[in-house]
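Peer 1: quick one, fold the following:
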Amino acid sequence: MAGALRKQPDQPEDPYLELATLVRYEHVNAGRVVLVNFWATWCPPCRKEMPDLDALYQKFKDRGLIVLAISDEDAAKVRSYIQEHKVSYPILLDPGRQVNEAFQIEGIPKSFVGEYRA
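Peer 2: The predicted model follows:
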């Protein structure tokens, strides 16, 4: 048993399939993979991961990946940051922190992966 626990599972070669695996239920066809990311312009780890999230979005958006970033900051500050750093995935604003509270966000960056079915 100890040997089995140490063994690394096979890693999918396709990052999109890896994401889809995280949200797939047994015997159910998965919908679109959705990544929701809570972030802020003042957060160094958030700023560091944004180019990777953008690259992931660019690579897999045509296969159905949805990336949604949520910030509770002022719209002008967020807009300026997005334009300067060329972020291409949707950025949503949560000025009243209702979404942050619904997801119980206490630290950022924080990401959730799930599925969406139309």
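
Peer 1: can you pull out the strands in the protein?
Peer 2: Here the chain has its strands, by DSSP state E, at 32-38, 66-71, 91-93, 110-116.

Peer 1: can you redo those strands as JSON lines with distance to C46?
Peer 2: Bear in mind the C-beta positions are built from the backbone N, C-alpha and C, glycine included. Formatted as JSON lines, the strands of the chain follow (distance: least, Cβ to Cβ, whole Å):
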{"stretch": "strand 32-38", "distance to C46": "8"}
{"stretch": "strand 66-71", "distance to C46": "9"}
{"stretch": "strand 91-93", "distance to C46": "12"}
{"stretch": "strand 110-116", "distance to C46": "9"}
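
Peer 1: now render the ones you listed as CSV, adding mean neighbour count and distance to L53.
Peer 2: Putting these into CSV (neighbours: other Cβ atoms under 10 Å; distance: least, Cβ to Cβ, whole Å) gives the following:
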stretch, mean neighbour count, distance to L53
strand 32-38, 20, 6
strand 66-71, 21, 6
strand 91-93, 15, 11
strand 110-116, 14, 8
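
Peer 1: got a markdown table for these, with distance to L56 and mean pLDDT too?
Peer 2: Below are the strands of the chain laid out as a markdown table (distance: least, Cβ to Cβ, whole Å; pLDDT from 0 to 100):
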| stretch | distance to L56 | mean pLDDT |
| --- | --- | --- |
| strand 32-38 | 8 | 93 |
| strand 66-71 | 7 | 95 |
| strand 91-93 | 15 | 95 |
| strand 110-116 | 11 | 89 |
